[in-house]
Every structure is written in C-alpha cells, then in structure tokens.
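Q: Here is a sequence together with a model predicted from it:
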Number of protein chains: 2
Amino acid sequence: MPTSVDRSTVSARTVFFVSDGTGITAETFGHSVLTQFDLRFKQIRLPFIDTLDKAHDALRKINDAFAIDGQRPIVFSTLVKAELSDVVRLSKGMHMDLIQTFVEPLEQELGVKSTHTIGRSHTSTDSEEYKNRIEAINFSLAHDDGQSNKNLSGADVILVGVSRSGKTPTSLFLAMQYGIKAANYPLIPDDFEREKLPSGLVPYKSKIFGLSIAADRLAEIRNERLPGSKYAALENCRYEINEAEKLMRREGIRWMSSTTKSIEEIAATILQEIKSEQRPD
Amino acid sequence: MPTSVDRSTVSARTVFFVSDGTGITAETFGHSVLTQFDLRFKQIRLPFIDTLDKAHDALRKINDAFAIDGQRPIVFSTLVKAELSDVVRLSKGMHMDLIQTFVEPLEQELGVKSTHTIGRSHTSTDSEEYKNRIEAINFSLAHDDGQSNKNLSGADVILVGVSRSGKTPTSLFLAMQYGIKAANYPLIPDDFEREKLPSGLVPYKSKIFGLSIAADRLAEIRNERLPGSKYAALENCRYEINEAEKLMRREGIRWMSSTTKSIEEIAATILQEIKSEQRPD
C-alpha cells in the first residue's frame, strides 16, 4: 500500500532534551532551532540525568527510539560533566552538545578552565538573583490588579491598562524571568470619568508603563470570560481603550500595544525601556 | 600603582545577548555556559535586532565595548536571518552563533532547508501552545491558595503543602513555562485536627502532589513575612510540617521537599511525575 509506505517515511523525528538539571535550557534552545524547520517532532525530556546510571538509561532510550523510528533521533544535551556527556554521546542519535560546543572555545578565549559544575545561576536557590526573583513574584502577586497601594514605592514598574490587556501575565513573567517587581493597576470607567489616573499612582508616574490592545481582540478575550456581557461588547471595548489611550497620552505615559505580542515580547520590551532609563547610552 | 593595574587586567568581560526576538533563548543559554566559569561578566541584552540598521547598531555597541574594555566581548546571538547575523559577525567580539552552529548540521540530517523565520513557537501568540500557556496562567491564578474549588476537575495537578512551602511560585511557573494548569491548596491546622484532606480535594486525589520543606527553612521564610509571630515560630513550623507529612503519607500522596530546590527544579520534577503517569514507558 503506497500510502502507508509514504506515511512511514515522513514519520516525526524523535527529539531528546537531555540535561543534568531541569532541561529548560536544552528545551528552550532546542525549540528555537527546531522552529526553523517546517516539520513535526516528537519531543522527549530527560531532565536530572546526573549519575552514570541515569546517563546509561538515557542512552538506552535514545537507541530505543532509533530502533522504533528507523531514523536517528536528535539529541540536544546540556550535560556539564564530561563523563556523563561521554556516555550519551555513544548513542545512535545526532548529538548536539550545547555545553562542549561553546565551553571549549570560551576556555581558550578566557584563558581559564571551566568549573564543570552542575546547576545554573538561574536556579541556584542560594544566589542573590534567585532570591530577588522569588521576592519579585511575591511582590507582583500582592500588587496584582490594583490589590494594594502599599509599598508601591518598591515597584520597578507599574503596568496600567484596561481589564484583560495583558497586565497580569506580563507582571508575573517580568518577576519570574527577570526579578522585576511589577505591580499592575487596571484603568476603569471611574478613572475615565474623572479623567485622572487612580490617585494612588500619581506619585509613581515615572514608573508607569501602559498596555493597550486592539478593540476587536479585547472583545474576543473578554467574551471568553463573560460571553455576551456589556463588558465584552465591542462597543464598550472600543470606548474603554479610547479613553485609556486618551488618559495615558494626557498624562505622558509610555505605552505599547499587546495585540499581537506574546507576554515574553511585551516583557522584553518593557525591560528595555526600564534599563535604558537607568543606563542611558 | 600595582593595585590598579591588577584590577584593570581582571576587569569583567562584556557579554552581549543579541537576538531578533526577546533574547530569552540567547540569555538562558548564555547564562548556562557562563556559569561554568568562575568569573564576573558585564551582561548587555540587545533584543529585537530585526533590521539591518539595528544590526549595524549592535555591531557598533560590541565594537565600542571592545574599545573600552580592551578585550574581546563575548557575543551570544540567535539571529535567524543570515543577512543580520552576517553584519553582527563582523564585530570585534567572539561570536557564538547559536542558530547557524546547529541549523546547518540539522539541515543535512533532516534533508530539508530551514525556513529562517523569525519568531519562536514559544512566543507565537497564534499557536495552540501559547494559548494553552495563557489559559493555564489564568487557571493557576484563579486557583491559587485554595481560592476556588470550581473547575478543579480541569486541573492537571493540584499542589498541597503548608503555607510558604513554595506552592504558588511553582504553580505559576508550571503554567507559564509548560502550560500546565496547576491549582494549589494550603494544608492548615484545621486539616491536621480533622486528620483529613480538605473535602474539596478528595475527588481529585490522583492529581495531588505535595510539597514539604525543612522546618528551619520554613521558619526563616515565614519570619521574613511575619517576624516574631507564632506562625513563623520554629516549633509551630515543625508541628505543621510533621502533621502535613503524616496526612500525605496516610492519604498516599506523593510529595517532595522544596528546601534546596528552585521553582524550576520543583516544576521539572512534578512534570516528570505527571508525564510518566500519562505515558508509562
């Protein structure tokens, strides 16, 4: 049967993300690269491969996939210890060693040997950076949706915008990824009638960053939450966005549109704004 | 003055993360590699380098750093378009091209050309995966700290544990990174007296995953929040943890200790548990 033969030749490649830690680096990176190919991949995470036994187990899984698929699996690995990566490299997969590929040239360039230690700065619970991130997450949660005016002076940034413009997930991402203390505050019809920022925000105007969004996209998002409500109606969305933008313009608040941007993109943009203020170049 | 000469020879290298998108991949990956060196680095993000003008601007910044530092900057780049990466490669920095290094061998292996398109699966707002992640974030927020019993049947996992054992940041990370709908539920003295799980959780026992923590670490964390309180007292922390572990043991709930684990590590561990259930191998 020709059809089934065709299907087998285009079956999805198996991709392994092998790491001595969480595997997040291998996976984030592997995704970036694989997205460049218009193909489907079957993806398998193998995190916490931190002993020889586990490395041999990983090797077996990769070889099993080869036997089943009839084509070489792709292996993205971030195994820091050479003895572990030496085991996995013996597999029948195509081995992309993210550490060795770059660590050796860097050793040359920097004139020092790498420490080959497992565990990344981002996930070491003792580091200042980690503590800042956890503190920022707690701060962002406590200051979500205008819940609290307390300690707003401690915020690195205060996001404002109409309900469902993307403030909450962006605040959490800023905290989690970058350790940025991000409060967020809704702009509501009361503010539009008074034609003023919520009074609690006035002292912190320089920290405010606005999010806007296209009315039809906002209506779509709000309709998922409260179908058929006035809140979700296109006309109302248009009104709120229009008023919010007028208010931000009048108050001299920077803003961006979240319509086609992911929370990662919004967060990275805001981060650039904050940093370039602190460190003009 | 010998001291100042010594200091200048060990001045921190400048590291650039150059990307056509958010730069998160370049930065996550670069951090993993740099952590292998016991050195300090001065880190500069250059995200959204998506035009020739911006690429030339990046090139200039790298060369400026070389002129100021007197040593080659390290450049981690994830520029997908060859014409952009060709510009940045002309810099005086040491160029680590994360895309080209792996995309070309992959083209060979897969027998297809890469699409060289900007924008990653993780941040494309149209993708199913992105929508799942946003939905999961909203779910996790709505089900933080036992706020709601509604729709618990939709949860992928329900984290339980005493107050400040790490449930909230772990839930949010699971949602944000993996699109896992993670509810979380505190175990409180009332539960210990009744020697039972909160009744709302009983139907979902198979989805429950517990977090425990060392008493002294918990006391430390709680003391930051409510210094000198009974809630934060070591004796009370010891009691609550002991009771929570007894309860989880009695109910047959899996748990892990969050004491020395980052939220990334806790989340990756839980993910493995969930996945291996769904897909036994």
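A: Sure thing, it's come through. All values derive from a computational prediction rather than experimental measurement.
Q: which residues does A:Phe16 contact?
A: Neighbouring residues of A:Phe16 by CB atoms under 8 Å, 6 or more residues apart in numbering or on different chains: A:44-46, A:58, A:61-62, A:65, A:73-77, A:93. For glycine as for every other residue, the C-beta is placed from the backbone atoms N, C-alpha and C.
Q: Go through those residues and give me the one with the most neighbours.
A: With neighbours taken as other CB atoms under 10 Å in any protein chain shown, the top of the contacts of A:Phe16 is A:Ser77, carrying 30 neighbours.
Q: what's the spacing between that one and B:Lys275?
A: With distances taken as CB to CB, to the nearest Å, A:Ser77 is found 19 Å from B:Lys275.
Q: before we move on, what about A:Thr101?
A: Counting by CB to CB - A:Thr101 and B:Lys275 are separated by 28 Å.
Q: do the same with A:Asp216
A: With distances taken as CB to CB, A:Asp216 is found 37 Å from B:Lys275.
Q: likewise A:Ser32?
A: From A:Ser32 to B:Lys275 the distance is 22 Å (CB to CB).
Q: okay, the two: which has more neighbours?
A: When A:Ser32 and B:Lys275 are compared on other CB under 10 Å, the one with more neighbours turns out to be A:Ser32, at 27 against 15.
Q: What helix or strand is the more buried one located in?
A: A:Ser32 is located in helix A:24-34, with elements delineated by DSSP states H and E.
Q: for the helix or strand that that helix is followed by, packing partners?
A: Next helix or strand after helix A:24-34 toward the C-terminus (DSSP H and E): strand A:41-46. Here strand A:41-46 touches strand A:13-19, helix A:24-34, helix A:52-69, helix B:263-278, going by 3 or more CB pairs under 8 Å, 6 or more residues apart in numbering or on different chains; DSSP states H and E.
Q: Could you figure out how far the last one is turned away from strand A:13-19?
A: Computed with axes from the mean of the first three to the mean of the last three CA atoms, to 10 degrees, the direction of helix B:263-278 lies at 140 degrees from that of strand A:13-19.
Q: Repeat that for the second one.
A: An angle of 150 degrees separates the directions of helix A:24-34 and strand A:13-19 when computed by the same axes, to 10 degrees.
Q: can you pull the contacts of A:Gln272?
A: B:Arg45, B:Pro47, B:Phe48.
Q: of all those, which comes closest to chain A?
A: Within the contacts of A:Gln272, proximity to chain A (CB to the nearest CB) peaks at B:Pro47, which comes in at 4.9 Å.
Q: Give the burial count for the closest one, as a bare number.
A: Residues near B:Pro47, counting by other CB under 10 Å, number 23.
Q: How about the secondary structure of the residue nearest to A:Asp97 when sequence neighbours are not counted?
A: Excluding the flanking residues, the one nearest A:Asp97 by CB to CB, 6 or more residues apart in numbering or on different chains is A:Ser77, at 5.5 Å. Classification of A:Ser77 using DSSP: H, G, I helix; E, B strand; the rest coil returns strand.
Q: Does A:Ser77 touch A:Ser91 like I think?
A: No: counting by CB atoms under 8 Å, A:Ser77 sits too far from A:Ser91 to count as a contact (9.7 Å).
Q: Which helix or strand contains the closest residue in space to A:Val33 that isn't next to it in sequence?
A: Closest residue in space to A:Val33, ignoring its immediate chain neighbours: B:Phe102 at 5.1 Å, by CB to CB, 6+ apart. According to DSSP H and E, B:Phe102 maps onto helix B:98-110.
Q: Okay, A:Glu83 and A:Phe48: tell me how far apart.
A: A:Glu83 is 16 Å from A:Phe48, where distance means CB to CB.
Q: Looking at these two, which is more packed in?
A: The neighbour comparison of A:Glu83 against A:Phe48 (other CB under 10 Å) goes to A:Phe48, with 17 against 11.
Q: and the more buried one, what is it in contact with?
A: Shown in contact with A:Phe48 (CB under 8 Å, 6+ apart): A:Ser19, A:Asp20, A:Gly21, A:Thr22, A:Gly23, A:Lys54, B:Ala268, B:Thr269, B:Gln272.
Q: A helix includes it, no?
A: No: applying three-state DSSP, one finds A:Phe48 to be coil, outside a helix.
Q: From B:Tyr130, how far off is it?
A: A:Phe48 is 27 Å from B:Tyr130, by CB to CB.
Q: wait, does stretch A:208-218 contact chain B?
A: No: against chain B, stretch A:208-218 shows no contacts by CB under 8 Å from any CB of the partner chain, the least distance being 9.8 Å.
Q: In that stretch, which residues are buried?
A: A:Ile208, A:Phe209, A:Gly210, A:Leu211, A:Ser212, A:Ile213, A:Ala215, A:Arg217, A:Leu218 (16 or more other CB atoms under 10 Å in any protein chain shown).
Q: how about low-confidence regions in chain A?
A: Along chain A, the parts satisfying pLDDT under 70 run over A:1-10, A:117-124, A:276-281.
Q: was I right about A:Thr115 contacting B:Asp38?
A: Yes: between A:Thr115 and B:Asp38 a contact is recorded at 5.5 Å, counting by CB under 8 Å.
Q: Understood, closing this out.
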